[in-house]
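J.: Quick check, what structure comes out for this input:
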Amino acid sequence: MKLWIKIIRNEKIIKDTVTEGNAENAKELHALLADVCDRLNCPVPLVTTTDASNLQKFNHAKFKARDFVEKVDFDFLEAIRLSEKKKKQNLQE
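T.: Prediction:
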């Protein structure tokens, strides 16, 4: 699955990236976010099963400042699952 990770401060995107990986449960989502947060130079949020469930059901998970152990200088981190377009097959006769 592809995820668009955005860091928002004052209703503006200050950092973002698109990543691809497996995030079917909380453990996999945490591992994926740890890699992305390392690249974006920000703390990693605490990921619960509810967060992973929201990502699966609603294609969206939001992590507010209270979801981080460390102090953060942004309002929230948002993970949005991007839909993958199916490739059309060329049928040649």
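J.: give me the low-pLDDT residue ranges for this structure?
T.: The model of the chain has pLDDT under 70 over residues 86-93.
J.: center of this protein - which residue?
T.: residue 79 (2.8 Å; C-alpha atoms, centre = their mean).
J.: I'd guessed that residue sits against residue 1; true?
T.: No: counting by C-beta atoms under 8 Å, residue 79 stays clear of residue 1, with 10.4 Å between them. All C-beta spots, glycine's among them, are computed from the backbone N, C-alpha and C.
J.: all helices in this protein, in order from the N-terminus.
T.: 26-40, 49-58 (DSSP state H).
J.: just those helices: most buried one?
T.: Each of those was scored by mean neighbour count; the highest is helix 26-40, a mean of 17, by mean count of other C-beta atoms under 10 Å.
J.: Remind me what that helix packs against, helices and strands.
T.: strand 2-9, strand 12-20, helix 49-58, strand 76-82 (3 or more C-beta pairs under 8 Å, 6 or more residues apart in numbering; DSSP states H and E).
J.: May I see the ones you listed arranged in JSON lines, with distance to residue 32 as well?
T.: Conversion of those to JSON lines gives the following (distance: least, C-beta to C-beta, whole Å):
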{"stretch": "strand 2-9", "distance to residue 32": "7"}
{"stretch": "strand 12-20", "distance to residue 32": "7"}
{"stretch": "helix 49-58", "distance to residue 32": "10"}
{"stretch": "strand 76-82", "distance to residue 32": "9"}
